[in-house]
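Chemist: output the structure for:
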Amino acid sequence: MGDRDAAFAEYFAARSEAMRGTAYLLCGDWHRAEDLVQTAFTKLYLAWNRISRHEVLDAYVRQIVVRTFLDERRRSWWRRERVGWEHSEQATPTDSPENRLVMLRALATVPPRQRAVLVLRYWEDLPIEDVAALLGCSTGTVKSQAARGLDTLRGLLAPTYSGTEMGER
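Modeler: Numbers count the residues shown, from 1 in each chain. Purely as a prediction, here's the structure:
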């Protein structure tokens, strides 16, 4: 194994699970998340020798994952069926596994671009400017997409969460 391959394998081993978690939050399916991450790392491997600033690899791979996700969502042949679910009448404790499932289901109902903004902004904890650069849009667009996405989540999760627990920034 050459130096190039060893460095790539080391980076892949260190960061693939974190990228898979981000991809899962975007698409809501572990198998599709794995596909997104494989695509991202394949593209990274092909560009590995051209990348001079290895300290920004996470941002580069994250950008590939998000763009691949958004590109797949734009294709007319790809449609996802959404299974309906009922809102719980009782509040769920914030640290329960059910709470996580409710949040993931609600996140899956948010449009892809808003979901990307929410995941990058609140899960990855990226500054607004970085999210805008990653998505190729203005900071105002990021702010409005985040606000719309949070409003949608609040509406869906009203029985489960109080407004202060939704990660206001």
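Chemist: ranges for the helices of the chain?
Modeler: Listed in chain order, the helices of the chain (DSSP state H) span 3-27, 30-47, 57-74, 97-109, 112-118, 128-135, 139-157.
Chemist: return the most buried member of the ones you listed.
Modeler: Compared across the helices of the chain, helix 112-118 shows the largest average neighbour count, a mean of 23 (mean count of other Cβ atoms under 10 Å). Every C-beta, even on glycine, is put in place using the N, C-alpha and C of the backbone.
Chemist: which helices and strands does it pack with?
Modeler: Using 3 or more Cβ pairs under 8 Å, 6 or more residues apart in numbering; DSSP states H and E as the contact criterion, the neighbours of helix 112-118 among helices and strands are helix 3-27, helix 57-74, helix 97-109, helix 128-135, helix 139-157.
Chemist: can you put the helices of the chain in JSON lines and add mean pLDDT?
Modeler: As requested, the helices of the chain are arranged in JSON lines below (pLDDT from 0 to 100):
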{"stretch": "helix 3-27", "mean pLDDT": "91"}
{"stretch": "helix 30-47", "mean pLDDT": "92"}
{"stretch": "helix 57-74", "mean pLDDT": "88"}
{"stretch": "helix 97-109", "mean pLDDT": "79"}
{"stretch": "helix 112-118", "mean pLDDT": "90"}
{"stretch": "helix 128-135", "mean pLDDT": "90"}
{"stretch": "helix 139-157", "mean pLDDT": "87"}
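Chemist: all set, thanks.
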